[in-house]
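Enquirer: Pasting a predicted model and its sequence here:
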Amino acid sequence: MPDKSQDPRFNTGDQSSPSLSSESWKIFQIIAEFVEGFERLSKIAPSVSIFGSARIAKDHPYYTLTKTIARELSDAGFTVVSGGGPGIMEAANKGAFAGKSPSVGLNISLPFEQAGNPYQDISLTFRHFFSRKVMFVKYASAYVVLPGGFGTLDELAEILTLIQTGKSRRIPIILVQSSFWAGLIDWFKQSLLLENTISKEDLDLIQIIDEPAEIVAAIFDFYEGRNFEPSSEEKSRLLDL
């Protein structure tokens, strides 16, 4: 057997290193992000989280489409929550800002690409993606996902995983722009489903809708006969996100 006694990786008794101290104090910054998020967002329900690329220009059809979707959701009584940045996020905030309900931006500090847009009634800034993602999920009555890159896919995979595993309540997950998402859905069916890494029922978590009015209608249809507000059991589950 090898002698591991001299390997520092197996010696956890010394807790005095500067890096460990710095990481331990980081906990308080993380706690502060959660506390501010909970306090400022607890009254925004019902809300819809909208996702999409930061790289979409203002004259792109996706920008106009997103702005229309957000305006219709806002006028229908939904707070609209986006990542607070440019592109699709700005279009979502801009549409909601012009509507009847609050426009919320959950901004993230990044070395590039992210700059807060001016269309936010409520604006928060996060250092950590994980605490920001909790805020997207915790108060959402629906997810509307427009074309985007890795960040958008990350948020989509996050909500699918949370619902699939029972860590979050089921809410509508609507993909917009069917031509963009067709390849991904085909891969889900032809690879994930065939390899039994997901079940057929998991595909039912996703809807693909392209028309703004139909998106709003689909969300209301989902909640027909039930409350937008989570049940006591669902609230308890959301505490463990």
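Expert: Looks like it arrived, so ask away. Numbers count the residues shown, from 1 in each chain.

Enquirer: Buried residues in the helix or strand harbouring Gln29, which are they?
Expert: When elements are assigned from DSSP states H and E, Gln29 belongs to helix 18-41. Buried residues in helix 18-41, defined by neighbour count with 16 or more other Cβ atoms under 10 Å: 33-34, 37, 41. For glycine as for every other residue, the C-beta is placed from the backbone atoms N, C-alpha and C.

Enquirer: remind me which residues of the protein are low pLDDT?
Expert: Within the chain, the stretches with pLDDT under 70 are 9-20, 112-114.

Enquirer: can you pull out the strands in it?
Expert: 47-51, 79-82, 103-108, 122-126, 140-145, 173-175, 206-208 (DSSP state E).

Enquirer: how close does the residue sitting nearest the centre point of the chain sit to Pro8?
Expert: For the chain, the residue nearest the mean C-alpha position is Phe136 (4.2 Å; Cα atoms, centre = their mean). Noted for Phe136: a distance of 39 Å to Pro8, by Cβ to Cβ, to the nearest Å.

Enquirer: Surely Leu146 and Ser49 touch.
Expert: No - counting by Cβ atoms under 8 Å, Ser49 is not a contact partner of Leu146; they are 11.5 Å apart.

Enquirer: was I right about Tyr119 contacting Asn93?
Expert: Yes - Tyr119 lies in contact with Asn93 (Cβ under 8 Å); the separation is 3.9 Å.

Enquirer: residues shared between the contacts of those two?
Expert: 103, 105 (Cβ atoms under 8 Å, 6 or more residues apart in numbering).

Enquirer: neighbour count winner among the two?
Expert: Asn93 (30 against 23; other Cβ atoms under 10 Å).

Enquirer: OK, contacts around the more buried one?
Expert: 70, 80, 82, 84, 103-105, 117, 119-120.

Enquirer: any idea where the helices of the chain begin and end?
Expert: 18-41, 61-75, 88-97, 129-138, 150-164, 178-187, 200-203, 212-222, 232-238 (DSSP state H).

Enquirer: And the first one, how far out from the chain middle?
Expert: The chain centroid and the centroid of helix 18-41 are separated by 20 Å, computed with Cα atoms, centre = their mean, to the nearest Å.

Enquirer: Next, the angle from it to helix 129-138.
Expert: If you take axes from the mean of the first three to the mean of the last three Cα atoms, to 10 degrees, helix 18-41 sits at 20 degrees to helix 129-138.

Enquirer: And the contacts of helix 18-41?
Expert: Counting by Cβ under 8 Å, 6+ apart, 104, 106, 122, 124, 126-128, 131-132, 134-135, 138-139 sit against helix 18-41.

Enquirer: which residues touch Phe209?
Expert: Check again: residue 209 is Ile, not Phe. Counted by Cβ under 8 Å, 6+ apart, Ile209 has contacts 174-176, 215, 218.

Enquirer: switch to 6 Å and redo it
Expert: 174, 215, 218 (Cβ atoms under 6 Å, 6 or more residues apart in numbering).

Enquirer: Can I get the residues you listed in a markdown table including neighbour count and distance to Ala157?
Expert: Below are the contacts of Ile209 laid out as a markdown table (neighbours: other Cβ atoms under 10 Å; distance: Cβ to Cβ, whole Å):
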| residue | neighbour count | distance to Ala157 |
| --- | --- | --- |
| Ile174 | 24 | 15 |
| Ile215 | 21 | 21 |
| Ala218 | 16 | 21 |
